[in-house]
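> all I have is the shape, not the residue letters:
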């Protein structure tokens, strides 16, 4: 772990030089997990990692110092007790980091609590701030070979969970029962459940449907969107099926459009392509088919330590894709009161284009009714 | 629910007038849950409730609008799609709220993500900001009779879980097995587990010990600190016992000091007393006994929708207690490599002093060894 932390601190400092950044401040959460391997107890007590060219240290409540020390021994902690409050320790940290001069260019963790951010801002002299997009965010988005393997392992485990769930479908089962099968598979294989949407019929027309006690009936759409976390890295996949012996023309037609949208987005995704153009590739397919208004969301999101992180495959995200980016491609069409179809894969960007991490075919299957 | 929301909005507006506050901005989380009954899907998409004298509205990602509408129908949503981004909808909301004039005094949700806060701050003309301490935080800390009852119900459920756990202790059991008994009791009774620390022997010397596979042996300290959530409100209690047929003098001595500290803090806690003075009452007992350095944390914290919320019973929190405050009293003494004792109750502040919500005696029991 120490080697990884030293390597990441070195990459961050290089990037700070390139972007004229004097100080980076990171709160508890995924940025801290990625940078320092540190996942401190999170409550209202301020915790913050500060990195400058010459120093790195972590403001740390005394109460959690011992447990945190076991996770990260490479940077000094600036400990504070409930009685003292955090200000003295923060002042010492900023002094050691040579951060008391005016006009610093700082980067704030966009996910950090607002009061933690202002605790820092109020101690600095006329800083200018921005968020982590071109520093920590950018570095996190360029996955190395080890991270790619962790994501791949998690995707394959998810494939198996989905196979088990689709195999188990029977008339009368509830969405919650299907979810339990998936979660059980995760737990049996050492993974933590991250999220699981199971939607039957018109429930599938809500992209963030809450899995319910509704039961499966013949001639129904089934949508499953689920993921788990294995050794710190997540999976995320969506597959759809038609449960019933009678094919349904409109369902098949929509499935074909969504599949085509996935394929166009995959083909567009090359190093240097703007994320917004990948979104456009999927969106144009769906708009041309007359369903632009029924594609309610962006085409995808990055994933790594977080299930949602940069790069976002969205119209308002005109950043270029880079080798090592990992992101979902998940267009969907949602027909209110009828059904929705979303097909989602996670891609690793190789120099010559996308590598899809899961191996379960994206095919929208027709499943025979089982009693 | 609508009545509760209208009442809370009215109380907030009254408090805004008293504190010369023009605008309150609340992110997803416990403040929003308390004020609007709204608990939206939380991700990087900005969600924010804005309240001014003449208007209230919620900035809301289109993707989650339908599910959120089912929770809260009383305030308008300002919806934005992934393609549009949130700025247009926020501008409209601020315009409807008459919030475009310069020099507003605003209150920010201290728990809100930093990027959400700056999305707002960057749209306002020279605002001054503070956090929710004397507005939403203060109102949340004054629990009404219904909230008191919900907290009481949850405390009694927790009492029963602890009885079951202490009854079950056997030589060779792991901390994790004890935790499972507690969690099972929560789930069987319709509550969600919130947290559960089980610590044997020297593990109890870490206030935030991670429950482990360590086994129970005769003549060992046992500390359990656990709580659940029932109908939205939490419990939180700590009890200690000596597992063994041979009394241990030092353990008994420390237990008596901690019990005395609880009693002094309880007696000090009256409406109008400063929280810091309640902390001092407990701390003085422990300092006078020579263990000041081994009392590693504040005396307590408020609880309500959050397990930790104002008022904090701490040296650096010189705010007066008010009738309706609910807070823990939980002094402890931690002897490294030996054991720790913490005794924690949750108190509701009546006009004449504290009412302890749990009914399980605080007595540090001696439990006979069972094979």
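Structure's in. What do you need? In this text the structure is predicted, and so the values were computed from the model without any measurement. Numbering: from 1, shown residues only, chains lettered A, B, ... in the order given.

> and the worst-scoring helix or strand of chain A on mean pLDDT, what's buried?
Counting by mean pLDDT, DSSP states H and E, the weakest-scoring helix or strand in chain A turns out to be helix A:62-71, with a mean of 86. For helix A:62-71, the neighbour count (16 or more other Cβ atoms under 10 Å in any protein chain shown) marks A:62-68 as buried. (Glycine included, C-beta is placed from N, CA and C.)

> with stretch A:246-261 instead?
So, applying 16+ other Cβ under 10 Å, buried residues of stretch A:246-261: A:248, A:251, A:254-255, A:257-261.

> just give me the neighbour total for residue A:324.
Neighbour count for residue A:324, taken as other Cβ atoms under 10 Å in any protein chain shown: 17.

> what is the subsequent helix or strand relative to the helix of greatest length in chain A?
In chain A, assigned by DSSP state H, the helix with the most residues is helix A:145-168. Following helix A:145-168 in sequence order, the next helix or strand is helix A:175-188 (DSSP states H and E).

> mean confidence score for that next one?
Average pLDDT, helix A:175-188: 95.

> also stretch A:10-27?
pLDDT averaged over stretch A:10-27 gives 98.

> give me the buried positions along that stretch.
Within stretch A:10-27, the residues that count as buried by 16+ other Cβ under 10 Å are A:11-13, A:15-16, A:21-27.

> can you check stretch A:207-216 too?
Applying 16+ other Cβ under 10 Å to stretch A:207-216 flags A:207-209, A:211, A:214, A:216 as buried.

> could you see whether chain B lies near the least confident helix or strand of chain A?
Yes - Helix A:62-71 reaches chain B (Cβ under 8 Å from any Cβ of the partner chain) through A:62-64, A:66-67.

> show me what secondary structure element comes after that helix.
Following helix A:62-71 in sequence, per DSSP H and E, is strand A:77-80.

> show me what that following strand is packed against.
Applying 3 or more Cβ pairs under 8 Å, 6 or more residues apart in numbering or on different chains; DSSP states H and E, one finds that strand A:77-80 makes contact with strand A:56-61, helix A:62-71, helix A:87-96.

> ok, the last one near chain B or not?
Which is helix A:87-96. No - applying Cβ under 8 Å from any Cβ, one finds helix A:87-96 separated from chain B by no less than 9.4 Å.

> how is chain A carved up into domains?
Using automatic domain parsing, the domain ranges for chain A come out as A:2-141, A:145-367.

> turn these into JSON lines, columns for distance to residue B:360.
Putting the domains of chain A into JSON lines (distance: least, Cβ to Cβ, whole Å) gives the following:
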{"stretch": "domain A:2-141", "distance to residue B:360": "25"}
{"stretch": "domain A:145-367", "distance to residue B:360": "32"}
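
> nearest to residue B:97, out of these?
Counting by Cβ to Cβ, residue B:97 lies closest to domain A:2-141 out of the domains of chain A; the figure is 19.5 Å.

> restricted to helices, list the buried residues of stretch A:246-261.
Taking DSSP H, the ones among these that sit in helices are A:251, A:254-255, A:257-261.

> show me what the longest strand anywhere in chain A is packed up against.
Across chain A, the longest stretch assigned as strand under DSSP state E is strand A:220-230. Counting contacts by 3+ Cβ pairs under 8 Å, 6+ apart, strand A:220-230 packs against helix A:145-168, helix A:175-188, strand A:192-200, strand A:237-243, strand A:339-342.

> deepest-packed of these, please.
strand A:339-342 (a mean of 26; mean count of other Cβ atoms under 10 Å in any protein chain shown).

> how about the ones in helices among the buried residues of stretch A:246-261 in CSV, adding pLDDT and distance to chain B?
Converted to CSV, those look like this (pLDDT from 0 to 100; distance: Cβ to the nearest Cβ, whole Å):
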residue, pLDDT, distance to chain B
A:251, 97, 22
A:254, 98, 19
A:255, 98, 21
A:257, 98, 18
A:258, 98, 17
A:259, 98, 21
A:260, 98, 20
A:261, 98, 15
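
> out of those, who's nearest residue A:240?
residue A:255 (6.8 Å).

> report the contact partners of that closest one.
Residue A:255 makes contact with A:240, A:341, A:343, A:364, according to Cβ atoms under 8 Å, 6 or more residues apart in numbering or on different chains.

> closest one of the residues you listed to residue B:356?
The shortest approach to residue B:356 among the contacts of residue A:255 belongs to residue A:240, at 54.1 Å (Cβ to Cβ).

> what sits closest to residue A:268 if chain neighbours are left out?
residue A:281 (3.8 Å; Cβ to Cβ, 6 or more residues apart in numbering or on different chains).

> measure the closest residue to residue A:229 other than its chain neighbours to residue A:234 for me?
Leaving aside its chain neighbours, residue A:229 sits nearest to residue A:192 (4.6 Å; criterion: Cβ to Cβ, 6+ apart). In this view, residue A:192 and residue A:234 are 9 Å apart by Cβ to Cβ, to the nearest Å.

> and what of residue A:30?
Taken as Cβ to Cβ, the span from residue A:30 to residue A:234 is 11 Å.

> what do those two both touch?
By Cβ under 8 Å, 6+ apart, the residues touching both residue A:30 and residue A:234 are residue A:306.

> when the two are compared, which one has more neighbours?
Taking neighbours as other Cβ under 10 Å, residue A:30 and residue A:234 compare with residue A:234 leading, 24 against 21.

> ramachandran angles for that one?
For residue A:234, the backbone dihedrals (degrees, to the nearest 10) come out as phi -100, psi 170.
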